[in-house]
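*Asks:* Need the 3D shape of this:
(one chain, ligands or ions: 1)
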Amino acid sequence: MKLRVLVLGAGFGGLELSTILSEKLGDRLDLTLIDQHDSFYFGYSKFDVMFGHKTSDAIRIYYRDILKLGVKFKQETITTIDPASKKVKTNLDSYDTDVLVIALGADYDFAATPGLTDGANEFYSLAGAEKLREVLPKFSKGRVIVGVCGAPFKCPPAPSEAALLIHDYLVNRGIRNDCEISLVMPFGLPIPPSPDTSKALLKEFADRNIQFIPKKLVRSIDPAKHIAHLDDGTEMPFELFLGIPKHRVPVVVEQSGMTVNGWIPVDKGNLSTQFPNVYAIGDVNSVGTPKAGVFAEGAAKAAAESIIAAFESGETPEPYKGNGTCYIEFGGGKVGKVNVDFFSGPAPFGTYEEATEELVADKEQFASSRKARWFGI
Ligand SMILES: Cc1cc2nc3c(=O)[nH]c(=O)nc-3n(C[C@H](O)[C@H](O)[C@H](O)COP(=O)(O)OP(=O)(O)OC[C@H]3O[C@@H](n4cnc5c(N)ncnc54)[C@H](O)[C@@H]3O)c2cc1C
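*Replies:* Predicted structure coming up:
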């Protein structure tokens with residue numbers, strides 16, 4: 001008997017889960033992986049696009065390269081999900097399945113921050129990064145704000161990375177002294193679970209004259225006056241605004257009725273939802289880890305083990321630990337590393353590995369190992 005699995009979304013979570021199930025079940029698996037796009041890219045590749053180091057085409061890894069036993073990829077847009085019957089409709093087809101895995105990630109709610117689309121820029125979508133590639137060379141002086149418009153948001157280190165990388169960009173253009181950089185964040189520290197990482201980032205901000213504005217969110221932008229309004233009433237004038245938009249589940253997930261307070265609640269140990277044989281992994285859930293690819297990957301492992309154990313009537317696997325390792329761009333050609341564990345102890349804790357040039361190769365190895373594992377290239 002084959003296990004029928006339907007995986008919605010071919011991002012970090014969906015790709016890792018499909019890979020594990022193929023490796024472990026082989027020809028006992030009948031898995032369909034659906035995504036609306038023809039290709040995957042790493043979230044951090046948007047920095048390469050926005051600073052003009054790579055084109056959008058160069059960062060794409062095509063799903064057509066996936067060749068895994070028991071796995072079929074379909075490029076379709078999911079239009080309805082019924083978690084009770086495990087039936088899914090797309091723009092082209094209808095599906096039912098034994099096990100349903102929702103790995104549809106987080107979308108952006110641009111309209112939630114008035115003025116963000118008309119009067120500012122964002123670097124969280126590929127379209128936003130592409131636009132910035134045209135905008136940045138025209139910027140020559142004044143204040144740059146890197147501003148978070150809502151929490152939770154993907155990759156908590158990314159706003160700090162953006163501030164450090166924009167510093168390098170302005171130095172390279174010889175205009176840093178004509179510019180200010182401010183970073184508006186909802187947290188008290190850049191990386192709250194890792195005081196050492198936060199300390200290292202705060203030192204870099206101080207050394208590079210980057211103003212860190214903690215515990216605040218950007219509520220709206222006045223496009224005509226070039227002013228960002230913060231949630232405490234502060235008004236911050238700017239010349240260039242680089243936003244982190246408010247996040248939300250994709251509309252199709254909201255319409256499925258699976259969300260509570262905006263995200264899909266799951267069992268912390270195996271990522272199952274309240275619906276039998278329906279799992280939700282990655283950014284789309286509210287398990288309590290940050291919205292980042294490495295956590296989506298860890299969640300995929302835990303869900304895959306649970307799916308296999310149920311199929312083979314095996315022992316209950318170890319519960320999900322909520323741990324992951326993130327690389328952080330420190331600028332100046334250096335990368336740091338933070339390991340964070342959310343569920344093993346009484347409180348989340350993290351350890352920091354100092355930023356070095358050597359870790360740049362480590363980060364490249366992270367990407368190439370995923371390309372090889374998921375796409376066989
Ligand atoms: C600037 C930036 C830097 C980042 N840096 C890092 C980093 O260094 N390390 C890290 O771990 N994470 C990083 N991230 C975060 C990371 O990209 C995400 O957290 C991760 O991709 C989440 O994985 P996921 O599988 O949950 O969702 P995703 O990878 O977002 O995948 C979801 C998939 O679902 C598909 N989808 C959505 N709706 C539909 C639909 N209706 N029909 C069909 N398909 C649909 C999408 O096309 C997408 O492919 C970064 C993010 C950004 C924006």
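
*Asks:* what does the stretch 101-250 of the chain put close to the ligand?
*Replies:* Ala103, Leu104, Gly105, Tyr124, Lys154, Cys155, Ala158, Pro250 (CB under 6 Å from any ligand atom). For every residue, glycine as well, the C-beta is placed using N, CA and C.

*Asks:* Specify which member of the residues you listed is nearest to Tyr320.
*Replies:* For those, the closest approach to Tyr320 (CB to CB) belongs to Ala103, at 14.5 Å.

*Asks:* Read off the pLDDT value for that closest one.
*Replies:* pLDDT, Ala103: 99.

*Asks:* ok so, going back, want to throw the residues of the stretch 101-250 of the chain next to the ligand into TSV with distance to Phe241 and secondary structure?
*Replies:* TSV is the format used below for those (distance: CB to CB, whole Å; DSSP: H, G, I helix; E, B strand; the rest coil):
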residue	distance to Phe241	secondary structure
Ala103	31	coil
Leu104	28	coil
Gly105	24	coil
Tyr124	13	coil
Lys154	18	strand
Cys155	19	coil
Ala158	16	helix
Pro250	25	coil
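
*Asks:* Surely Thr197 forms part of a strand?
*Replies:* No: membership of Thr197 in a strand is not supported by DSSP: H, G, I helix; E, B strand; the rest coil, which gives helix.

*Asks:* Tell me the confidence at it?
*Replies:* pLDDT for Thr197: 97.

*Asks:* Next: Phe241.
*Replies:* So Phe241 comes in at 98 (pLDDT).

*Asks:* Setting aside sequence neighbours, what's the nearest residue to it?
*Replies:* Nearest residue to Phe241 in three dimensions, chain neighbours excluded: Ala120, at 3.7 Å (CB to CB, 6 or more residues apart in numbering).

*Asks:* Over to Gly298?
*Replies:* The shortest distance from Gly298 to any non-neighbouring residue, by CB to CB, 6+ apart, is to Gly324 (5.5 Å).

*Asks:* so what strands line up beside the helix or strand hosting the one you found?
*Replies:* Counting by DSSP states H and E, the element that carries Gly324 is strand 323-331. With DSSP bridges as the test, strand 323-331 is paired with strand 334-341 (antiparallel).

*Asks:* what residues are up against the residue nearest to Gly298?
*Replies:* Contact analysis of Gly324 by CB atoms under 8 Å, 6 or more residues apart in numbering lists Thr289, Pro290, Ala292, Val294, Phe295, Glu297, Gly298, Asn339, Val340.

*Asks:* Give me the distance between it and the ligand.
*Replies:* 7 Å (CB to the nearest ligand atom, to the nearest Å).

*Asks:* about what we covered before: out of the contacts of Gly324, name the ones that lie in strands.
*Replies:* Judged by DSSP state E, these include Asn339, Val340 as members of strands.

*Asks:* what number of residues lie near Glu23?
*Replies:* A count of neighbours around Glu23, defined by other CB atoms under 10 Å, yields 14.

*Asks:* Is it within a helix or a strand, and which one?
*Replies:* Taking DSSP H and E as the definition, one finds Glu23 inside helix 12-25.

*Asks:* and what of Asp57?
*Replies:* Asp57 belongs to helix 56-59, assigned by DSSP H and E.

*Asks:* residues near the nearest residue to Phe342 once chain neighbours are set aside, how many?
*Replies:* Once flanking residues are discounted, Phe342 sits nearest to Gly322: 3.5 Å by CB to CB, 6+ apart. When neighbours are counted by other CB under 10 Å, Gly322 registers 20.
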